[in-house]
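In: structure for the following, please:
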Amino acid sequence: MPFMSLKFNLQKRVKLAQGLWMLYWLAVIVGIIIFSLGIFFKIELRKRSEIMDNNESHLVPNLLILVGMLSCGLNAFGGKLCHDSLDPQKFSKMKPMLKPYMLLCCGFNALLLLLVLLCILMQFAVYLTLAEGLKNAIRFYKDTDTPGRCFMKRTLDMTQIEFRCCGNNNFRDWFEVQWISNRYLDMSNDVVKEVNHDSGTRFAGFLICSAVFSLIESN
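Out: Below is the predicted model:
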């Protein structure tokens with residue numbers, strides 16, 4: 001049943017096709033931006049995988065990449081459809097595709113809404129993963145000779161300098177862990193023994209009220 005059917009003469013059809021063509025190619029540009037954001041997000045997660053508690057989720061960047069590619073493909077096809085509609089012979093061939101294409105666009109818009117909702121929800125999971133990862137990274141900061149943690153010190157230093165951050169919650173996080181490597185400590189020294197802390201049966205390490213150099217650099 002037609003609803004608010006409109007009749008267009010040739011001049012109005014040309015203007016409508018040109019306007020829709022411009023909108024479709026503008027949507028293609030937006031799709032490229034979404035695709036680029038997905039790539040950027042994925043690279044940033046890879047770069048900081050050491051301090052992400054090994055639980056970093058690539059679901060959101062993968063979806064951004066997929067949606068960006070689909071957006072480029074669908075809207076480029078829509079632009080071609082508008083361009084071909086100006087030619088009666090080409091339009092007659094493309095006309096049977098209009099209804100499936102519109103249904104596909106509706107499904108794609110639903111996917112976009114789902115992606116927006118997922119991005120909002122996933123930011124809390126990423127925050128918790130990063131908080132736990134930073135907590136472990138601070139604890140393993142001194143283990144530069146341990147396989148798998150050799151670059152933890154450099155990664156954390158560069159993260160603090162780049163984002164101008166101080167530990168996990170604040171600079172006092174560094175007071176609660178031994179961040180100086182044992183190879184720089186003389187355990188026979190009376191001063192070192194005096195500063196060492198013992199928490200019950202668990203050795204807490206060489207704790208001092210000072211922070212790493214990257215904290216000073218970031219401020």
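In: which parts of the helix or strand harbouring Leu37 are buried?
Out: Assigned by DSSP states H and E, Leu37 belongs to helix 10-47. Buried residues in helix 10-47, defined by neighbour count with 16 or more other Cβ atoms under 10 Å: 17, 20-21, 24, 27-28, 31, 34-35, 38, 41-42, 45. Placement of C-beta: from N, CA and C, glycine included.
In: how many other residues sit next to Lys93?
Out: 10 (other Cβ atoms under 10 Å).
In: circling back to that earlier point, let me have the buried residues of helix 10-47 in JSON lines, adding pLDDT and distance to Cys209 as columns.
Out: JSON lines is the format used below for those (pLDDT from 0 to 100; distance: Cβ to Cβ, whole Å):
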{"residue": "Ala17", "pLDDT": "80", "distance to Cys209": "71"}
{"residue": "Leu20", "pLDDT": "84", "distance to Cys209": "66"}
{"residue": "Trp21", "pLDDT": "86", "distance to Cys209": "66"}
{"residue": "Tyr24", "pLDDT": "89", "distance to Cys209": "62"}
{"residue": "Ala27", "pLDDT": "90", "distance to Cys209": "56"}
{"residue": "Val28", "pLDDT": "92", "distance to Cys209": "57"}
{"residue": "Gly31", "pLDDT": "91", "distance to Cys209": "52"}
{"residue": "Ile34", "pLDDT": "90", "distance to Cys209": "47"}
{"residue": "Phe35", "pLDDT": "93", "distance to Cys209": "48"}
{"residue": "Gly38", "pLDDT": "90", "distance to Cys209": "43"}
{"residue": "Phe41", "pLDDT": "87", "distance to Cys209": "37"}
{"residue": "Lys42", "pLDDT": "87", "distance to Cys209": "39"}
{"residue": "Leu45", "pLDDT": "83", "distance to Cys209": "34"}
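In: picking that back up, what packs against the helix holding Leu37?
Out: helix 59-84 (3 or more Cβ pairs under 8 Å, 6 or more residues apart in numbering; DSSP states H and E).
In: give the other helices and strands that the helix it packs on contacts.
Out: For helix 59-84, the packing partners by 3+ Cβ pairs under 8 Å, 6+ apart come out as helix 10-47, helix 88-94, helix 98-139.
In: what comes up buried for the second one?
Out: By neighbour count with 16+ other Cβ under 10 Å, helix 88-94 contains the buried residues Met94.
In: which residues are contacting it?
Out: Contact partners of helix 88-94, identified using Cβ atoms under 8 Å, 6 or more residues apart in numbering, comprise Leu81, Asp84, Ser85.
In: which of those residues lies closest to Met97?
Out: Using Cβ to Cβ, Leu81 is the member of the contacts of helix 88-94 that lies nearest Met97, at 7.4 Å.
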